[in-house]
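Asker: Sharing a sequence plus its predicted fold:
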Amino acid sequence: MNTTALKDLLYRLADDQLILGHRNSEWNGLGPILEEDIAFSSMAQDKLGHSLQLYTLLHNLGEAEPDTVAFTRNAPQFHCTQLVELPIGDYAFSLVRHFLYDHAELLRFQLLTTSSYEPLAQVARKLKGELKYHVLHANTWVKQLGTSTEEAIEKLQTALNETLPFALGLFEKTEHEEAIMADGIFAGEDELRAQWLESISKVLAQTNLELPDLATVAPVFGGRNGEHTEHLQPLLDEMAEVFRLDPTADW
């Protein structure tokens with residue numbers, strides 16, 4: 001098995017979860033209603049826990065301790081997609097990002113349940129249950145708001161138009177794509193993208209929202225190779241404050 005390719009995949013998975021977890025946590029105390037305040041905080045906690053399990057797999061493969069990996073790297077060393085690092089914006093933006101991201105993540109982990117790397121397959125089987133609830137939450141609110149008032153529909157449509165190019169960056173391939181597939185570690189980004197489009201299209205068809213023509217949408221790539229927006233480094237600096245003060249603190 002190509003260990004370098006496996007680590008590349010694990011870093012992508014873990015960094016996505018870590019960064020979006022911290023972004024979602026910023027809704028704590030700011031949710032439009034108490035239910036959503038609690039929901040986003042709970043999902044943020046889940047994602048941080050997911051990232052810890054994935055960083056632990058990396059540590060078992062010879063990488064540094066999870067805290068060291070999470071809190072001592074700078075932006076160019078992260079492999080997260082740019083979608084997850086964007087500021088939370090308004091509720092419509094965060095909801096649509098949540099919808100697009102978690103549909104992809106649930107499908108990704110479902111595919112990973114049969115990974116040839118058994119430790120990853122075991123983690124995937126464990127985490128997909130929590131991700132189903134994340135997707136259920138996203139679907140519920142997208143369908144409810146996407147069929148409600150003209151203002152709500154307009155805000156969601158604007159958010160969908162803005163986030164879709166970044167969401168397509170979730171499926172950015174790296175130089176290790178062929179090795180990951182050849183070793184049976186993962187089915188590949190093309191397969192995941194196809195399943196994702198089918199999944200989100202079914203939900204959007206139940207709303208007044210329209211998925212933009214993908215032929216006219218340029219995916220935002222670069223994040224998997226360390227190219228990030230100006231928003232990531234300030235977030236990393238904030239995340240690392242406690243670690244710098246007390247490196248022995250627990251998650």
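Answerer: Right, received. Where do you want to start?

Asker: For Gly223, report the pLDDT, please.
Answerer: In this prediction, Gly223 carries a pLDDT score of 97.

Asker: can you tell me how far it sits from Thr56?
Answerer: According to Cβ to Cβ, to the nearest Å, Gly223 and Thr56 sit 23 Å apart. Every residue, glycine included, has its C-beta placed from N, CA and C.

Asker: of the two, who's got more company?
Answerer: Gly223 (27 against 18; other Cβ atoms under 10 Å).

Asker: so where's this structure uncertain?
Answerer: 27-38, 242-251 (pLDDT under 70).

Asker: Excluding chain neighbours, what is closest to Ala218?
Answerer: Pro165 (6.0 Å; Cβ to Cβ, 6 or more residues apart in numbering).

Asker: for that neighbour, what are its contacts?
Answerer: With contact taken as Cβ atoms under 8 Å, 6 or more residues apart in numbering, Pro165 is in contact with Val217, Ala218, Pro219, Val220.

Asker: So what does the first one have for phi and psi?
Answerer: In terms of degrees, to the nearest 10, the main-chain angles of Val217 are phi -110, psi 120.

Asker: who's in contact with Lys7?
Answerer: Per Cβ under 8 Å, 6+ apart, neighbours of Lys7: Leu58, Leu61, Glu63.

Asker: secondary structure class for it?
Answerer: helix (DSSP: H, G, I helix; E, B strand; the rest coil).

Asker: And it, how close does it get to Asp183?
Answerer: 12 Å.

Asker: ok, now Ser115?
Answerer: Using Cβ to Cβ, we find Ser115 at a distance of 9 Å from Asp183.

Asker: Name the residue in these two with the higher neighbour count.
Answerer: Ser115 (23 against 17).

Asker: ok, now which ones touch that one?
Answerer: Ala121, Ala124, Gly184, Ile185, Phe186.

Asker: try 7 Å
Answerer: Ser115 sits next to Ala121, Ala124, Ile185, Phe186 when contact means Cβ atoms under 7 Å, 6 or more residues apart in numbering.

Asker: nearest residue to the second one other than its sequence neighbours?
Answerer: Going back to what we said before, that points to Ala124. Leu112 (3.7 Å).

Asker: OK, contacts around the one you found?
Answerer: Leu120, Ala121, Ala124, Phe186.

Asker: Next, give phi and psi for the last one.
Answerer: Taking degrees, to the nearest 10, you get phi -150, psi 150 for the backbone angles of Phe186.

Asker: so it touches Phe109, yeah?
Answerer: No: between Phe186 and Phe109 there is no contact under Cβ atoms under 7 Å: 10.4 Å.

Asker: so what sits against both of the two?
Answerer: By Cβ under 7 Å, 6+ apart, no residue touches both Phe186 and Phe109.

Asker: the helices in the stretch 151-251 of the chain, which residues?
Answerer: With DSSP state H, counting those that start in this stretch, the ranges of helices along the stretch 151-251 of the chain come out as 177-182, 189-204, 232-239, 241-245.

Asker: show me where the stretch 1-150 of the chain has helices.
Answerer: 3-25, 34-60, 66-71, 82-85, 91-112, 118-145, 150-168.

Asker: quick one on the thing from earlier: just the buried residues out of the contacts of Lys7, in ChimeraX syntax.
Answerer: Typed into ChimeraX, the line below selects the buried ones among these, using 16 or more other Cβ atoms under 10 Å:
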select :58,63
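
Asker: Format the contacts of Lys7 as TSV; extra columns: distance to Tyr91.
Answerer: Shown next, in TSV, are those (distance: Cβ to Cβ, whole Å):
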residue	distance to Tyr91
Leu58	34
Leu61	39
Glu63	36
